[in-house]
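Novice: build me a structure from this.
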Amino acid sequence: MTASRSISGGVIWTLLAPLFYAGMSISAKLAGVYLSVWQIGVGRFIFGLLLVPIIVRILGLDLWGRQRFLLALRGLCGSVAFLLLVAAFQRIPLSLAMVLFYLYPAFTALLSPSVTGEPPPRIAWLLIAVAFIGTSLILWPHEMAADLNLGHLFAVIASVLCSLTLLLVRRLGKDNNIYTLFYYLCITGALAALGPLLLQSAPILPRSSSAWIGIAAVAVFSIVAQLTINQALIRIPAATVSIMMTAEVPLVATFGVMYLGEPLSWRLIVGAAFIFGSGTGLNLLPSKSK
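Specialist: Numbers count the residues shown, from 1 in each chain. Next comes the predicted model:
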């Protein structure tokens, strides 16, 4: 009965996680009208810095954790990935940025042997090739003209850094609690965004209520999304959670097309199907530990 409740609870958390991550992505896109990347980043990470120590103290957990260099490296990869994704949102359509970002299962399979010592099966290389064929279909030849800009590059680099983040979480999760991992993300993210924020020509603090609401929305959705996916991972296999997380993309894409009037081409639809099909297959494949 307890196991059944745990699984049913995990299903609920797994369904909620992509909703909250979609809310964070949409909030970041809308906030970009009023805020710079650095303002959004500092707002998100400072909120976590203030909240996590309170949660850790209540639960009686260790805040600083073990293998602190790797914790800081994981935090840096995750925070820079977030900042690059927000920058991509400001340069290219929301739906396109999310599709490119969801290349991370392919990059995870490519990097897994060197980071975690878990080489993927041989069939994984075929699935990786399918993912990059989908990317090529989206970007070529239409996007390879004047429309191609730094936003596309930012989304792909964010995907690579996301894959490194996930692999480091897998390596560090055995010795550290989820709040420690998130705290290091907030520390490195705040430091990474604070310098550029102080040097930007625009005002450091937002000057409109809409901008403050945007920061608050990104921060709240970010915290809740992080907690829901961690609760899901406790109860449901990681591969299942990863597959369910792809629901974020159609949610975000629908908002972009319906509310923001973004274009929806057949290339984007077919390319996205290639990428998501590849990601689903990669998540279902067993890994071989050395």
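Novice: helices of the stretch 101-250 of the chain, start to end?
Specialist: Counting by DSSP state H, counting those that start in this stretch, the stretch 101-250 of the chain has helices at residues 104-116, 123-139, 150-172, 178-199, 209-235, 238-245, 248-258.
Novice: hey, C-alpha coordinates of the fourth one in PDB?
Specialist: It refers to helix 178-199. Provided in PDB are the C-alpha atoms of helix 178-199 (Å, rounded to 0.1, in the frame of the first residue of the first chain):
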ATOM      1  CA  ILE A 178      19.000  18.000  -3.100                       C
ATOM      2  CA  TYR A 179      19.000  21.300  -1.300                       C
ATOM      3  CA  THR A 180      22.800  21.400  -1.200                       C
ATOM      4  CA  LEU A 181      22.900  20.900  -4.900                       C
ATOM      5  CA  PHE A 182      20.400  23.700  -5.500                       C
ATOM      6  CA  TYR A 183      22.200  26.000  -3.000                       C
ATOM      7  CA  TYR A 184      25.500  25.800  -5.000                       C
ATOM      8  CA  LEU A 185      23.600  26.500  -8.100                       C
ATOM      9  CA  CYS A 186      22.300  29.700  -6.600                       C
ATOM     10  CA  ILE A 187      25.700  30.700  -5.200                       C
ATOM     11  CA  THR A 188      27.500  30.300  -8.500                       C
ATOM     12  CA  GLY A 189      24.600  31.800 -10.500                       C
ATOM     13  CA  ALA A 190      24.400  34.900  -8.300                       C
ATOM     14  CA  LEU A 191      28.100  35.400  -8.700                       C
ATOM     15  CA  ALA A 192      28.100  34.800 -12.400                       C
ATOM     16  CA  ALA A 193      25.300  37.300 -13.000                       C
ATOM     17  CA  LEU A 194      26.100  40.000 -10.400                       C
ATOM     18  CA  GLY A 195      29.300  41.300 -12.100                       C
ATOM     19  CA  PRO A 196      27.700  41.900 -15.500                       C
ATOM     20  CA  LEU A 197      24.600  43.400 -13.700                       C
ATOM     21  CA  LEU A 198      26.800  46.000 -12.000                       C
ATOM     22  CA  LEU A 199      28.500  46.800 -15.200                       C
END
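Novice: against which helices or strands is that helix packed?
Specialist: Packing partners of helix 178-199 (3 or more Cβ pairs under 8 Å, 6 or more residues apart in numbering; DSSP states H and E): helix 37-59, helix 68-89, helix 209-235. Where you see a C-beta, it was placed from the backbone N, CA and C, and this is true even at glycine.
Novice: the longest helix in this structure is where?
Specialist: Using DSSP state H, we find that the single longest helix of the chain is helix 2-31.
Novice: any idea how far that one is from the chain center?
Specialist: Put simply, helix 2-31 sits 13 Å off its chain's centre (Cα atoms, centre = their mean, to the nearest Å).
Novice: ok, now stretch 275-284?
Specialist: Per Cα atoms, centre = their mean, the centroid offset for stretch 275-284 relative to its chain is 16 Å.
Novice: contacting residues for T228?
Specialist: T228 makes contacts with W13, L16, A17, F20, as judged by Cβ atoms under 8 Å, 6 or more residues apart in numbering.
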